[in-house]
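K.L.:
fold the following, please.
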Amino acid sequence: MVLREWARDAVAETADVRAALRRAATDPASLTDGEWVALLGADGTELDELCAIADSARQTVTDPDALTFVVNRNFDTTVIASGADGVPELSALVDEAWQLGATEICMQGPIPVDAPDDGYLRLIEQIHAVAPEMHLHAFRPPEVRDGAARMGLSIPEFLSRARDVGLGSVPGTAAQILDDEVRARLSGGSAPPVSEWIESIEAAHDVGLFSTSTLLYGHVESSRHIVAHLRLLNEIQDRTGGFSELIVMPMLPSMAPAHLGAAGTASRRETRAVHAVARLLTFGRIAHVQVAWTKLDPDTVIDILRGGADDIGGLLIDGVLMPAAGQEAGRVLSAQQVADIAAVVGRRPVQRTTGYDAPSAALLTPIPQVYGR
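P.N.:
The predicted structure follows:
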């Protein structure tokens with residue numbers, strides 16, 4: 001498949017889009033790759049219709065009146081495990097997050113090269129010891145493979161040990177687009193193969209850990225790459241049933257690889273179309289589509305919630321001990337803001353756990369207050 005010029009928008013022929021829309025409205029599973037490509041190029045009235053079809057699909061697989069969110073805090077593993085001056089004890093950071101109402105710690109990034117071989121497991125044990133009821137959502141496939149290699153274990157053996165000491169789920173990030181040519185272009189040739197990502201995620205599912213799934217768009221991928229990526233996620237879900245949600249994210253200019261000399265990001269048109277297609281192409285397999293609110297402007301977030309997405313992700317609370325310990329420090333969404341967004345799209349805010357269950361009454365975060373239980 002041909003790579004595209006960086007984030008170049010491509011609108012499809014109206015006739016092609018209209019033909020695909022007629023089939024998408026009644027039987028999205030029957031659409032061909034070419035028809036999905038046409039829908040990714042929808043614009044104007046046809047784009048509005050595509051988003052309406054996607055939102056109707058959302059209402060059949062999730063609570064149609066709910067906008068869900070999780071109260072979580074992000075930690076950057078590299079920062080937390082650095083031992084640098086000024087970095088508080090992990091136990092103190094976890095306790096603060098728990099006291100602020102978090103039910104989830106999300107932790108990504110590698111531990112330092114000179115960390116103990118079982119360093120990943122030690123971090124899990126520390127978190128679990130402080131807050132046994134806190135869900136730990138941690139370690140992308142690259143970190144999983146690093147942890148296994150350090151300990152001389154197979155991927156399943158490492159994940160089983162991590163599960164046994166308190167790991168609850170793993171992020172399906174670092175997927176980008178599951179195509180070796182795209183990943184090589186983005187990385188300058190250094191990206192691990194797609195097969196490693198699949199092996200790691202399926203191993204996590206096989207030992208009883210669920211994961212998120214992700215799609216990163218708005219760079220050198222073509223519409224056909226997006227379709228192939230979503231079909232591959234479906235195939236994995238058919239084998240394992242381990243994906244809890246799909247998070248669709250644009251590549252931000254600030255994260256664009258320097259060697260490509262790229263600038264700009266996906267258009268609002270493309271963003272709406274990609275989210276709607278993601279909802280419809282994974283319909284019946286992945287129930288939840290999440291808005292990556294930290295990467296989109298507020299009006300686009302509203303558009304996506306009206307076009308197939310049901311979840312707004314995490315509040316990303318910071319606390320005061322060390323806000324910079326998180327990957328997106330300072331990007332906090334309050335429970336009141338969630339309530340306001342829900343009102344705009346005609347839904348009610350509903351707190352969830354990482355696995356999309358209802359938290360126990362003792363763990364519910366008051367609306368509009370987020371701090372305190």
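
K.L.:
what sits against the residue positioned nearest the centre of the chain?
P.N.:
With the centre of the chain defined as its mean C-alpha position, the nearest residue by Cα atoms, centre = their mean is residue 247, 3.5 Å away. Shown in contact with residue 247 (Cβ atoms under 8 Å, 6 or more residues apart in numbering): 172, 212, 213, 214, 215, 290, 292, 313. For glycine as for every other residue, the C-beta is placed from the backbone atoms N, C-alpha and C.

K.L.:
which SSE is the fifth one in?
P.N.:
Assigned by DSSP states H and E, residue 215 falls within strand 210-217.

K.L.:
now the first one
P.N.:
Remark: residue 172 resides in no helix or strand, with elements defined by DSSP H and E.

K.L.:
surely it is in contact with residue 215?
P.N.:
No - using Cβ atoms under 8 Å, residue 172 makes no contact with residue 215, being 9.7 Å away.

K.L.:
ok, residue 85 to residue 322 distance?
P.N.:
12 Å (Cβ to Cβ, to the nearest Å).

K.L.:
ok, these two, which is more surrounded?
P.N.:
Legend: neighbour count by other Cβ atoms under 10 Å for residue 85 and residue 322, higher for residue 322 (18 against 5).

K.L.:
could you find the closest non-adjacent residue to that one?
P.N.:
Counting by Cβ to Cβ, 6 or more residues apart in numbering, residue 322 lies nearest to residue 88, which is 5.3 Å off, once chain neighbours are set aside.

K.L.:
can you check residue 205 too?
P.N.:
residue 242 (2.9 Å).

K.L.:
for residue 139, same thing?
P.N.:
Closest to residue 139 by Cβ to Cβ, 6+ apart is residue 170, at 5.7 Å.

K.L.:
one more: residue 267?
P.N.:
residue 9 (4.6 Å).

K.L.:
so is the one you found in a helix, a strand, or just coil?
P.N.:
coil (DSSP: H, G, I helix; E, B strand; the rest coil).

K.L.:
quick one, helices of the stretch 101-250 of the chain?
P.N.:
Secondary structure of the stretch 101-250 of the chain by DSSP state H, counting those that start in this stretch: the helices cover 119-130, 141-151, 155-164, 180-187, 194-206, 223-240.

K.L.:
returning to what we had before: which pLDDT value goes with the residue nearest to the centre of the chain?
P.N.:
At residue 247, the model reports a pLDDT of 98.

K.L.:
what distance do you get for the residue lying closest to residue 259 once chain neighbours are set aside to residue 236?
P.N.:
Distance criterion Cβ to Cβ, 6+ apart; nearest residue to residue 259, sequence neighbours excluded, is residue 188 at 5.0 Å. With distances taken as Cβ to Cβ, residue 188 is found 27 Å from residue 236.

K.L.:
more neighbours, these two?
P.N.:
Applying other Cβ under 10 Å to residue 188 and residue 236 shows that residue 236 carries more neighbours, namely 21 against 11.

K.L.:
so that one sits right up against residue 246, yeah?
P.N.:
No - using Cβ under 8 Å, residue 236 is not in contact with residue 246, being 11.5 Å away.

K.L.:
between the two, what contacts are shared?
P.N.:
Common neighbours of residue 236 and residue 246 (Cβ under 8 Å, 6+ apart) are residue 213.

K.L.:
go through stretch 166-182 and flag the buried ones.
P.N.:
166-179, 182 (16 or more other Cβ atoms under 10 Å).

K.L.:
doesn't residue 308 make contact with residue 288?
P.N.:
No - look at residue 288 against residue 308 with Cβ under 8 Å: they stay out of range, at 10.7 Å.

K.L.:
of these two, who's got more company?
P.N.:
Shown here are residue 288 and residue 308; by other Cβ under 10 Å, residue 308 has more neighbours (27 against 21).

K.L.:
contacting residues around that one?
P.N.:
Residue 308 neighbours (Cβ under 8 Å, 6+ apart): 51, 54, 55, 57, 58, 275, 276, 278, 279, 280, 289.

K.L.:
how about the third one, what does it touch?
P.N.:
By Cβ under 8 Å, 6+ apart, residue 55 lies in contact with 306, 307, 308.

K.L.:
so which helix or strand takes in it?
P.N.:
Counting by DSSP H and E, the element that carries residue 55 is helix 44-61.

K.L.:
about what we covered before: now render the helices of the stretch 101-250 of the chain as a markdown table, adding distance to residue 253 and mean pLDDT.
P.N.:
Formatted as a markdown table, the helices of the stretch 101-250 of the chain follow (distance: least, Cβ to Cβ, whole Å; pLDDT from 0 to 100):
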| stretch | distance to residue 253 | mean pLDDT |
| --- | --- | --- |
| helix 119-130 | 32 | 97 |
| helix 141-151 | 23 | 98 |
| helix 155-164 | 34 | 98 |
| helix 180-187 | 14 | 96 |
| helix 194-206 | 25 | 98 |
| helix 223-240 | 19 | 98 |
